[in-house]
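Q: Show me how the following folds:
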Amino acid sequence: MALHKMLFITISLLFCFISKEAVADTGTATFYTPPYVPSSCNGFQNDGVMIAAASDAIWENRGACGKNYKVTCTGATNEGDPYPCTGASVVVEIVDYCPPGCRGTIDLSQEAFAVIANPDAGKIDISFQRYVKLCI
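A: Coordinates of the predicted model:
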């Protein structure tokens, strides 16, 4: 019986760490700097640094709050600029709103932006997709 229970727990944990990724969209990303609180979604709760603010393109009247996105740099926004991408992707949680006039589709925390691109770029082209962790 204990073996069955252990097997069930192991399989359950395995499913928790498998993610489902949706089809990628394209857009642009910028970054903002601390302090990251208060945020539109969570007030004064500390959400860490792998976070982002959503523009109207994905905000959905607060529907984006708490959703995770996998963001990948695809290039510079200006022709002729040096290639800013690191080759990495980052998963961020939407915790804030980037108001009208926002320069990017997703406004990443400074730390999240630095994972995928050189911060000197300021604004980059990206692909992004919802990132859903599945747990049973």
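Q: if you skip the residues just before and after it, what's nearest to the spatially most central residue of the chain?
A: Compute the mean C-alpha point of the chain, and by Cα atoms, centre = their mean the closest residue is V92, 2.6 Å away. Nearest non-adjacent residue to V92, counting by Cβ to Cβ, 6 or more residues apart in numbering: A52, 4.2 Å away. Bear in mind the C-beta positions are built from the backbone N, C-alpha and C, glycine included.
Q: residue contacts, that neighbour?
A: Y69, V71, V92, E93, I94, V95, D96, I106, D107, L108, S109, A112 (Cβ atoms under 8 Å, 6 or more residues apart in numbering).
Q: now with 10 Å?
A: 29-32, 58, 64, 67-69, 71, 90-96, 98, 104-109, 112-113, 128 (Cβ atoms under 10 Å, 6 or more residues apart in numbering).
Q: Show me the residues you listed that map onto strands.
A: 29-32, 68-69, 71, 90-96, 106-109, 128 (DSSP state E).
Q: So in this structure, where's the weakest helix or strand by average pLDDT?
A: strand 19-21 (a mean of 47; mean pLDDT, DSSP states H and E).
Q: Give the PyMOL command for selecting the buried subset of the ones in strands among the contacts of A52.
A: Here is the PyMOL selection string for the buried members of the ones in strands among the contacts of A52, based on 16 or more other Cβ atoms under 10 Å:
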select buried, resi 29+30+31+32+68+69+71+90+92+93+94+95+96+106+107+108+109+128
